[in-house]
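>>> sharing a model prediction with you, sequence too.
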Amino acid sequence: MKNLKLFFTSILTLLLLSPLFISCEKKNVDANGCYYDIDEAAVTANKKNQDIMVIITIDGADAPSTDFLDKVVRNPAFKKEIASKYAVVCMDFSQKSYDAASVPEDADDAAKKAAEEKEAIMKKNTRYASMLDVSGIPVIYIFSKEKYLIRGLYYDDENRSVQGFKDALAEKSSVIDEMHKMIYQTKIGTAEEKVEAIDKLYEATSPTFRIFLYELMDSVKKLDPTNKSGLVGKYMYEAAATKSDIALADGNVREAIQAYLDVADEPLIPAEDRQQALYTAAYMSSKAEIDDVSVVIGYLEKSIAIAPDSDQVPALKRVIAALSAQK
């Protein structure tokens, strides 16, 4: 299946336009032991010191999704052998789920209130799916109890049973354990040791999944205000880039642009990174057509002034010339 990010983005847009979208049923978990809300799952995960398992499917419309749900998740053994060891969240985006969840316009106030609660959960699930940049389904993600993404696991011929699924998880156990150790190190020791541990965890995390480390990145400046580690500039920039990505996932382009503008004058960030922040803001602004051309040119001119000898300057000047001609 093609990249599903646009699919989930379109779902989120639909949800934003639909005040009453999701079922009025108020169960926290379904019959298979799966949570609807990842935040509720995280509460359980922290109480029981478990990982969070997120399962993304499109039941019915996608044959592998249905096969996985029928043979694994809906198998009574799943609740006992998997859901007892993980805080499992099932995020299903099938038309069947939407049709079953619709609330009539003449629904009573109680049904509408419950629907609003479920709608909020669906928006959250869709946001997570978009941030994960899902490229195929069904897919399983293992998060730590802190909601740091550890590992992805695609469903294939080797795990079409509860036992096969358990075996597939066991194969990843050493990688998961190593990530747990790195996460633990971010919580102990001196401030400088915590910063070094954050850096190690960041580098060990797939670039696609670093978006879930935002709070850790953002904490580096507070942990190391004098920049003893030499890493503060790196994480100020990475936190800004991640904040921008999160804003885009929420559909807030202006906030996404502002995240880059906010770090353009930070002296701890290398000049070429600040230059990149500004021309990224310029690109986003121009593409979204939310600023006047003169504003975009201003971003680009400031970016050149920050690092006038960088390799990017000739290209930036050509863009300015093209925009000026357009103006």
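Received the coordinates, thanks.
>>> and the gap between Val195 and Ala63?
Computed as C-beta to C-beta, to the nearest Å, the Val195 to Ala63 distance reads 47 Å. C-beta here means a position set from N, CA and C on the backbone, and glycine is covered the same way.
>>> comparing the two, which residue is more hemmed in?
Val195 (25 against 9; other C-beta atoms under 10 Å).
>>> how close does the more buried one sit to Val29?
38 Å.
>>> what about Thr44, neighbour count?
For Thr44, using other C-beta under 10 Å, the count is 17.
>>> please begin residue numbering at 630 from this point
Sounds good: first residue 630 from here, last item Thr673.
>>> so it sits against Ala716, correct?
Yes - counting by C-beta atoms under 8 Å, Thr673 does reach Ala716; the two are 4.5 Å apart.
>>> what residues are shared contacts of the two?
Taking C-beta atoms under 8 Å, 6 or more residues apart in numbering as the criterion, Thr673 and Ala716 both touch Tyr664, Gln679.
>>> so which helix or strand takes in Phe697?
Using DSSP states H and E, Phe697 sits in helix 692-697.
>>> next, Asp737: phi, psi?
phi -80, psi 170 (degrees, to the nearest 10).
>>> who are the packing partners of the strand or helix carrying Ala799?
Here Ala799 sits within helix 791-800, counting by DSSP H and E. In terms of contacts (3 or more C-beta pairs under 8 Å, 6 or more residues apart in numbering; DSSP states H and E), helix 791-800 is packed against helix 705-710.
>>> what does the helix it packs on contact?
Ala660, Asn661, Gly662, Val701, Val791, Lys795.
>>> at 10 Å what do you get?
658-663, 698, 700-702, 704, 712-713, 717, 790-792, 794-795 (C-beta atoms under 10 Å, 6 or more residues apart in numbering).
>>> okay but Ala885 is in contact with Ala876, surely?
Yes - Ala885 is in contact with Ala876 according to C-beta atoms under 10 Å; the separation is 3.9 Å.
>>> of the two, which one has the most company?
Neighbour totals were compared for Ala885 and Ala876, and Ala885 leads with 23 against 17 (other C-beta under 10 Å).
>>> any idea how far Asp920 is from that one?
13 Å.
>>> list the residues that contact both of the two?
Ala910, Met913, Ser914.
>>> in helices only, show me those.
Ala910, Met913, Ser914 (DSSP state H).
>>> and the pLDDT at the first one?
We note a pLDDT of 97 for Ala910 in this prediction.
>>> quick one: residues contacting it.
Counting by C-beta under 10 Å, 6+ apart, Ala910 has contacts 873, 885-893, 920, 924-925, 928-929, 931-932.
>>> show me how to select, in ChimeraX, the buried members of the residues you listed.
The following ChimeraX line selects those of these that are buried, judged by 16 or more other C-beta atoms under 10 Å:
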select :873,885,886,888,889,890,892,893,920,925,928,929,931,932
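>>> what's the pLDDT at the residue most central in space within the chain?
Against the mean C-alpha coordinate of the chain, by C-alpha atoms, centre = their mean, the closest residue is Met760 at 3.2 Å. pLDDT, Met760: 89.
>>> run a quick neighbour tally on the closest residue to it other than its chain neighbours.
Excluding the flanking residues, the one nearest Met760 by C-beta to C-beta, 6 or more residues apart in numbering is Ala878, at 5.0 Å. Using other C-beta under 10 Å, Ala878 has 22 neighbouring residues.
>>> please, where are all the helices along the stretch 680-829 of the chain?
All helices of the stretch 680-829 of the chain, identified by DSSP state H, counting those that start in this stretch, fall at 692-697, 705-710, 724-730, 738-761, 791-800, 802-814, 820-833.
>>> list the buried ones in the second one?
Going by neighbour count (16+ other C-beta under 10 Å), the buried part of helix 705-710 is Phe707, Lys708.
>>> hmm, back to that, residues in contact with the helix holding Ala799?
By C-beta under 10 Å, 6+ apart, helix 791-800 touches 680, 682, 697, 700-702, 704-711, 714-715, 769, 771, 780, 782-788, 790, 805.
>>> go on, stretch 826-835?
Residues contacting stretch 826-835 (C-beta under 10 Å, 6+ apart): 777-781, 804, 807-808, 810-818, 839-842, 845-846, 848-849, 852-853, 858-860, 863-864, 867.
>>> and stretch 924-934, by the same measure?
So stretch 924-934 is contacted by 886, 889-890, 893-894, 900-901, 903-916, 918-921, 939, 941-943, 945-946, 948-950, 952-953, 955-956 (C-beta under 10 Å, 6+ apart).
>>> Tyr843: what's it in contact with?
With C-beta under 10 Å, 6+ apart, Tyr843 has these contacts: Tyr777, Glu867, Ala868, Ala870, Thr871, Lys872, Asp874, Ile875.
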